[in-house]
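Chemist: mind looking at a prediction? Sequence and model below.
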Amino acid sequence: MKLIGSYPSTRLRRNRKTDWSRRLVSENNLSSSDLIWPIFLTDGKNQKNQISTMPGVYRYSIDQMEKIVEKALKLKLPLLALFPYTKKVNKDKNGSEALNENNLVCKALRLIKKKFGSEIGVMCDVALDPYTSHGHDGLIKKRYVQNDETVEILVKQALLLAEMGCDVIAPSDMMDGRVGKIRNALDKKDFKLIQILSYAVKYASNFYEPFRDAVGSKKNLKSNKKNYQMDFFNQKEALREVSLDIKEGADFVMVKPGMPYLDIIKLVSDNFKIPVFGYQVSGEYSLIKNGIKKKLISESAIEESLLSFKRAGASAIVTYFADYIAQRLR
Ligand code: PBG
């Protein structure tokens, strides 16, 4: 692109002089419709438990869901993402609680869908890590997370979630081939219109730690997830992941984490005509939140951080700031 213009006839600061003018020329915007709100679930009644590594984020018991959904509707948030904190007694090496129709996510799904129907979307992760005693996303044999055997369970988990009323099935496990198998199984059971948000590009990141604390898998996880999640030295590999998942039937693709991976969001959105979502993960949240709490940065940094996803080409952002920002945007 050849850029033209020169000082002093061209002064870029002219368009920046007033607020109305800045608004007039702004290239991106942020609205509550761009935001996906993650909610952590816990057992019990009347619970709203602080997560120490994520100040301002809580684990809620199922009876609190009605209030949460009403708040989300008022704020015009389109989609909630449910994540369970599973009690130790309910975890085993195969993550069998994932297939229990009375697990926390299933109970919450039934309740939300019964009360609110299609007024709001609900997305659920397909992966075993909140349910396994070792904290990995799949079955382990010979210290290796097995691919094809894990996929078989993930398909069952996806079908169960669909039966419970889940709108958006979000495989976050990084097994090969799971999107196609899940799509196939959903179609066979007449769940043709249930959407799949593939965590297509998910890096083996250090920024997930507070989340693992939130879902109670941190202490269990003795090793890293590098033999299934992506290596953060790589960029081109992301295109292969996305391309496969689109072929297998994904409706949207996620890049995760967000801010340290904006180059990847940009790369994917430039190369594919599919909605790309970014996930501002727990570590990103906690760094910003603690920075604000310690008065190192001001609250406006939150909006700035979310705009960076939009500039990179994301059509939506999963963020623990969703409710807060949606409130501010009103
Ligand atoms: C589970 C999952 C993870 C996150 C979302 N789904 C953690 C992981 O893969 O270890 C991370 C989200 C966050 O950090 O906010 N597969």
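Modeler: Good, I have the coordinates.

Chemist: contact residues of the stretch 151-300 of the chain facing the ligand?
Modeler: Residues of the stretch 151-300 of the chain lying close to the ligand (Cβ under 6 Å from any ligand atom) are Ser172, Asp173, Tyr208, Phe211, Arg212, Lys225, Val281, Ser282. Quick note: C-beta positions are derived from backbone N, CA and C, even for glycine.

Chemist: surely the third one and Gly283 touch.
Modeler: If I follow you right, that is Tyr208. Yes - at 6.4 Å, Tyr208 counts as touching Gly283 under the criterion of Cβ atoms under 8 Å.

Chemist: shared neighbours of these two, which are they?
Modeler: With contacts taken as Cβ atoms under 8 Å, 6 or more residues apart in numbering, the residues that reach both Tyr208 and Gly283 are Pro257.

Chemist: re the thing from before, among the residues of the stretch 151-300 of the chain next to the ligand, which two are most distant?
Modeler: Largest separation among these by Cβ to Cβ: Asp173 and Ser282, giving 17.4 Å.

Chemist: so what's the gap between stretch 129-145 and the chain middle?
Modeler: Taking the mean of its C-alpha atoms, stretch 129-145 sits 21 Å from the chain's own mean (Cα atoms, centre = their mean, to the nearest Å).

Chemist: any idea which residue of the stretch 101-250 of the chain lies closest to the ligand?
Modeler: Phe211 (3.1 Å; Cβ to the nearest ligand atom).

Chemist: give me the number of residues near the spatially closest residue to that residue that is not a sequence neighbour?
Modeler: Take Phe211 and drop its neighbours on the chain: the residue closest to it by Cβ to Cβ, 6 or more residues apart in numbering is Ser282, 3.8 Å away. By other Cβ atoms under 10 Å, the residues close to Ser282 number 24.

Chemist: which residues touch Ser282?
Modeler: Thr53, Met54, Phe207, Tyr208, Glu209, Pro210, Phe211, Ala214, Tyr320.

Chemist: hmm, try it at 10 Å
Modeler: Going by Cβ atoms under 10 Å, 6 or more residues apart in numbering, Ser282 touches 38, 51, 53-54, 57, 207-215, 257, 320.

Chemist: go on, Ser26?
Modeler: Leu307.

Chemist: give me the pLDDT value at it.
Modeler: The per-residue pLDDT reported for Ser26 equals 97.

Chemist: do you know how far it is from the ligand?
Modeler: 29 Å (Cβ to the nearest ligand atom, to the nearest Å).

Chemist: surely that residue is within a strand?
Modeler: No - counting by DSSP: H, G, I helix; E, B strand; the rest coil, one finds Ser26 to be coil, located in no strand.

Chemist: helix, strand or coil for Lys113?
Modeler: Applying three-state DSSP: Lys113 is helix.

Chemist: what's the closest non-adjacent residue to it?
Modeler: For Lys113, ignoring the flanking residues on the chain, the nearest one in space by Cβ to Cβ, 6+ apart is Gly165 at 3.3 Å.
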